[in-house]
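Peer 1: Predicted model follows, preceded by the sequence.
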Amino acid sequence: MRVNYQEKWNRRHGEAQDLGSPAQVLLRNLHLLPKSGRALDLACGRGANALLLAEQGLETHAWDFSSVALQCLETFATQRGLEVQVENRDVLASPPEPQSFDVILVSFFLERKLAPYLVKALRPGGRIFYQTFVRDVYLERGPSTPEWRLEKNELLELFRDLDIHYYREDGQAVSVPTEISDLALLVASRREGACH
């Protein structure tokens, strides 16, 4: 099953015509990035977020289990003169090590049981930037399976041990859909001196 899933994503990334766009949670909150540090783009795809993190001067690591996506990212990084350390990695089998990153970016990837590992992977003061789909669908995009979409305020619950800096989940509060209408966006940090 996991192999078939990997083949699906390799095919999808191979058919893509471009890099894709950086995550809205990152674009809207660049001011919350540290000036330096170690950043991870987890489930990075073709790497639009990884490249943006590298452009901000961060030591950037990008993990994905699609080798095709990582090859695309390496090509784009070379073209832009950026250094991104890519790793073909199944993050469910090998989550990030404790206190290993100052920034973790997750976009359009939802695996709830990874949340505690991501919290522990942040260094004290480190920040997570997270966005993914919610169950209120406006733009007819994203996964059709409800389990791959967040319940209302679920992202806040998954990262309740962190200090929240930014959160947005419009849901039914807006009448005209925007590029974030069916998303939850969160930026949160691990408390200095936290030992959980």
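Peer 2: Here it is on my side, so go on.

Peer 1: What are the phi and psi values at Ala50?
Peer 2: phi -60, psi -40 (degrees, to the nearest 10).

Peer 1: Make 28 the starting number, not 1.
Peer 2: All set: I'll call the first residue 28, so the last point we hit is now Ala77.

Peer 1: ok, it - contacts?
Peer 2: 68, 71, 87-89, 100, 104, 111, 132 (Cβ atoms under 8 Å, 6 or more residues apart in numbering). For the C-beta atoms, the positions are set from N, CA and C on the backbone; glycine is no exception.

Peer 1: tell me which of those residues is nearest to Glu219?
Peer 2: Of all the contacts of Ala77, Leu132 has the smallest distance to Glu219: 20.8 Å, by Cβ to Cβ.

Peer 1: out of the contacts of Ala77, which are buried?
Peer 2: Applying 16 or more other Cβ atoms under 10 Å to the contacts of Ala77, the neighbour count classes 68, 71, 87-89, 100, 104, 111, 132 as buried.

Peer 1: Now go through those and say which are in strands.
Peer 2: In strands, defined here by DSSP state E, the members of the buried ones among the contacts of Ala77 are 68, 87-89, 111, 132.

Peer 1: Next secondary structure element downstream of the helix or strand of the chain with the lowest mean pLDDT?
Peer 2: In the chain, no helix or strand scores lower on mean pLDDT, DSSP states H and E than helix 29-42, which sits at a mean of 55. Next helix or strand after helix 29-42 toward the C-terminus (DSSP states H and E): helix 51-54.

Peer 1: Of all residues in the chain, which one is nearest the centre?
Peer 2: Central residue of the chain (Cα atoms, centre = their mean): Val133, 1.2 Å from the mean position.
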